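**Student:** Predicted model, plus sequence, below.
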Amino acid sequence: MTTFSDRARQDTTALRDRILELPFNRELAAGRLSRQRFQFYMIQDALYLEQYSRALAIASAKAPDTRAMEQFARSAQGALIVERALHEGFFEKFGIAPVEAAQFAPSPTCYGYTNFLLTVAHQASYEELVAAVLPCFWIYWDVGNHIAADTVPDNPYRAWIDTYSDPSFGQSVNAVIAIANEAAERSTEARRVAMLNAFKRSAQYEWMFWDSAYREEKWPVSA
């Protein structure tokens, strides 16, 4: 039987390959990504994770069983605590003051991605929400492992690479994939289609997020 994750993987294979080949990820693996681009990424990622954790918390509240509730609750906490420590370490290493970071606004892509997730969280079904939050787990695991296998010694971004290629992160990824498969199996065909559409949209935003960081994306007009 073809699972939801099988179909999601199949339908986004080309896009996921393109994510691995983005200049941001290739240069990060080579250890030659500019400090300025990585600083931009880390600040935007911190802004993203604050809202992503809210979507995960809502997924926990909507979950139909305690196992899924616990998984999403832990993930929401991890987005705020574990990865915040990673960001703060890089902020210190690259000379980014917390006050300075707090003054940044979300880029157009960051703003669009987080608002998409929160809209799904508040207005769509639990199943669609699970599908929408899954790419951030799964694609980061793919990217982390791809870069870890291809990186250079003494890469200045080693802590980032280690975070997303760590087996403990992989366990969380597999747990959410299993939850998504179970949710799809219990659901209707129409809702499975909606799940796949939500997954694809988030996967597109993942590509856009790394691309926007490399371009240090700005709003085209000021308010």
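**Tutor:** Nice, thanks for sending it over. Please read all numbers here as calculations on a predicted model, not as lab measurements. Numbers count the residues shown, from 1 in each chain.
**Student:** What segments of the protein are helices?
**Tutor:** Ranges of helices in the chain, per DSSP state H, are 4-11, 13-20, 23-30, 35-62, 66-80, 82-93, 98-102, 108-123, 126-148, 158-165, 167-186, 189-215.
**Student:** quick one: low-confidence ranges for the chain?
**Tutor:** Low-confidence segments of the chain, defined by pLDDT under 70: 82-83, 86-87, 97-102.
**Student:** Quick one, which of the helices of the chain gets closest to V221.
**Tutor:** Nearest to V221, of all the helices of the chain, is helix 108-123, at 10.7 Å by C-beta to C-beta. No exception for glycine: its C-beta is placed from N, CA and C like everyone else's.
**Student:** Show me what that closest one is in contact with.
**Tutor:** Helix 108-123 has contacts (C-beta atoms under 8 Å, 6 or more residues apart in numbering) with 44, 47-48, 51-52, 54-55, 58-59, 106, 128-129, 132-133, 198, 201-202, 205, 208-209, 211-212, 217, 219-220.
**Student:** do the same with stretch 161-168
**Tutor:** 28-29, 83, 86, 140-141, 143-145, 147-148, 151, 155, 169.
**Student:** Next, format those residues as TSV and append distance to F38.
**Tutor:** Below are those laid out as TSV (distance: C-beta to C-beta, whole Å):
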residue	distance to F38
L28	7
A29	13
E83	15
L86	12
Y140	16
W141	20
V143	14
G144	15
N145	19
I147	13
A148	17
T151	14
N155	11
F169	20
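**Student:** contacting residues for the nearest residue to I177 once chain neighbours are set aside?
**Tutor:** Of all residues not flanking I177 in the chain, S5 sits nearest, at 4.9 Å (C-beta to C-beta, 6 or more residues apart in numbering). Contact analysis of S5 by C-beta under 8 Å, 6+ apart lists 177, 180-181.
**Student:** who wins for neighbours among those residues?
**Tutor:** The most crowded member of the contacts of S5, judged by other C-beta atoms under 10 Å, is A180 (24 neighbours).
**Student:** Identify the residue nearest the residue nearest the centre of the chain in space, chain neighbours excluded?
**Tutor:** Nearest residue to the geometric centre of the chain (C-alpha atoms, centre = their mean): C136, 2.6 Å. Excluding the flanking residues, the one nearest C136 by C-beta to C-beta, 6+ apart is Y52, at 6.4 Å.
**Student:** No further queries at this time; thank you.
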